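Colleague: here is the input, now give the coordinates:
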Amino acid sequence: MDRKIVKIGLLGIGKMGQNHLRNLNLLKNVEVSFIYDVNKELLEKSAKEFDVYALQDESELENALQNSDGVIIVTPTFTHFDYIQKVSDHIKNIFVEKPLTDTLDTTQIIVDAARNKNLCIQVGFIERYNPAIAALRELLKNSPRIFSVDFVRTNKMSNRITDVDVVMDLMIHDIDLSLLFNGEAREVQAHGVVINGMIEYARAIITHKNGAFSTITASRITEKRIRQITATCEDMYIDCNLLSKEVLINKQTIEQHLHNISISSRSESIEVRPQEALLLELLDFSNMCRANSKDFQVSNTAPKNEIAPNEIDGQNAMKIANQIQNIIYTTHTKGIQ
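Modeller: Numbering: from 1, shown residues only. Coordinates of the predicted model:
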């Protein structure tokens, strides 16, 4: 049977889950096959608001998945592992919000399961879909050499995020971007601030195998919300604001007047088209669902999507995040002895 509608289920309808639900309803030829959440009041409210089927009991999940092409998991991080295992026997296409799981060991189990069961997993590193990141990446790819890329990501303390520290909550986005820009890491250094047993401020320096450096700062004790990336390259300096979607380039210009040489800086702004990152992210997932379902007639010659992050990308970011956590917690423990 050749059909047009992609059917996607949604597990978790908290704040981020609501965003997914809203954007799924904006996608053409995509239908939300079901929603589920342990909060029954919120579940019923969302089902009524978006006119979708509410799965009342987790025991009904298997049947619901059999009528779906893919499933999105937007539950608390500590539940990711269990939910992936529950759905992976019944469905191939799985979207999981970052991080993939809450530990490196369980992440490895999921990576192995994806290989053994031929799963297609997409991890929710949404910043890859930020239009400013797309512009920045093109600039970096065309530069003869990248010396360093500096990332700053801050939020004030949130009552909503209580199950993960700032490394898993905020920093992991920029860890993923640093690996996307400069490839594998050779060395990781870090320090941070631990409050009530949880890392709330972290700074890491990653030395990549290509010789470039990434300096990543993440904070949940900073009142100002910042999403900033700066890159020092051989031929330019780039300033990228992810909130305002602005990308500025500064290049040196050399002018020669007889025997005198003057060096000045030329600044230019890159035009970034306004786009909804989550919508683009979900569009990629729906296309993956369509490509991997026998009910759709699609070409097998489509080029591989280099942006959509898979379980290996999730694992690579998790390895670096785990190193950073271990360094900071070990240093903190020694400091209070």
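
Colleague: please count neighbours and contacts with C-alpha atoms only from this point.
Modeller: Fine.

Colleague: ok, the residue most central in space within the chain to Ile133 distance?
Modeller: Centroid-nearest residue in the chain: Phe125, 1.0 Å away (criterion: C-alpha atoms, centre = their mean). With the distance defined as C-alpha to C-alpha, to the nearest Å, Phe125 ends up 12 Å from Ile133.

Colleague: how about the contacts made by Ile327?
Modeller: Residues in contact with Ile327, defined by C-alpha atoms under 8 Å, 6 or more residues apart in numbering, are Gln189, Ala190, His191.

Colleague: got the domain ranges for the chain?
Modeller: Under the assignment the TED database, the domains of the chain span 6-124, 128-274+319-335.

Colleague: of these, which is nearest Lys294?
Modeller: When these are compared by C-alpha to C-alpha, domain 6-124 sits nearest Lys294, at 9.8 Å.

Colleague: so for stretch 122-129, mean pLDDT?
Modeller: Average pLDDT, stretch 122-129: 97.

Colleague: and the contacts of it?
Modeller: By C-alpha under 8 Å, 6+ apart, stretch 122-129 touches 94-100, 133-134, 173, 176-177, 277-278, 280-281, 285, 307-311, 313-314.

Colleague: do stretch 46-62 as well
Modeller: So stretch 46-62 is contacted by Ile13, Val32, Ser33, Phe34, Ile35, Tyr36, Lys40, Leu43, Glu44, Ala64, Val87, His90 (C-alpha under 8 Å, 6+ apart).

Colleague: distance between the ends of it?
Modeller: End-to-end distance for stretch 46-62: 21 Å, by C-alpha to C-alpha.

Colleague: in the stretch 1-150 of the chain, mark out all the helices, start to finish.
Modeller: Ranges of helices in the stretch 1-150 of the chain, per DSSP state H, counting those that start in this stretch, are 15-24, 40-50, 61-66, 80-88, 104-117, 131-141.

Colleague: orientation of the helix or strand where Ile328 lies relative to helix 104-117 in degrees?
Modeller: Following DSSP states H and E, the helix or strand that holds Ile328 is helix 311-335. Between the axes of helix 311-335 and helix 104-117, defined by axes from the mean of the first three to the mean of the last three C-alpha atoms, to 10 degrees, the angle is 170 degrees.

Colleague: for helix 311-335, which positions count as buried?
Modeller: Using 16 or more other C-alpha atoms under 10 Å as the test for burial, helix 311-335 gives 311-322, 324-325, 327-329, 331-332.

Colleague: picking that back up, ok, the contacts of stretch 46-62 vs Glu184, which is closest?
Modeller: Among the contacts of stretch 46-62, Val87 lies closest to Glu184 (C-alpha to C-alpha), at 31.0 Å.

Colleague: against Gly70, how distant is the closest one?
Modeller: Using C-alpha to C-alpha, Val87 is found at 10 Å from Gly70.

Colleague: more crowded one of those two?
Modeller: Neighbour count, other C-alpha atoms under 10 Å: between Val87 and Gly70, Gly70 has more, with 30 against 18.

Colleague: residues touching that one, list them.
Modeller: Lys7, Ile8, Gly9, Ile91, Lys92, Asn93, Ile94, Phe95, Ser286, Cys289.

Colleague: so Gln66 touches His90, yeah?
Modeller: Yes. Using C-alpha atoms under 8 Å, Gln66 is in contact with His90, at 6.6 Å.

Colleague: show me the shaky parts of the stretch 151-300 of the chain.
Modeller: Within the stretch 151-300 of the chain, the ranges that satisfy pLDDT under 70 run 157-162, 252-266, 297-300.

Colleague: and the strands in it, which stretches?
Modeller: Ranges of strands in the stretch 151-300 of the chain, per DSSP state E, counting those that start in this stretch, are 185-195, 198-208, 213-219, 226-233, 237-241, 246-257, 260-270.

Colleague: got the contact list for the fifth one?
Modeller: Outside of strand 237-241, the residues within contact range by C-alpha under 8 Å, 6+ apart are 132, 136, 227-232, 246-251.

Colleague: now do it against strand 226-233, angle only.
Modeller: Computed by the same axes, to 10 degrees, the angle between strand 237-241 and strand 226-233 is 170 degrees.

Colleague: just checking: what are the partner strands of strand 237-241?
Modeller: In the sheet, strand 237-241 lines up against strand 226-233 (antiparallel), strand 246-257 (antiparallel) (DSSP bridges).
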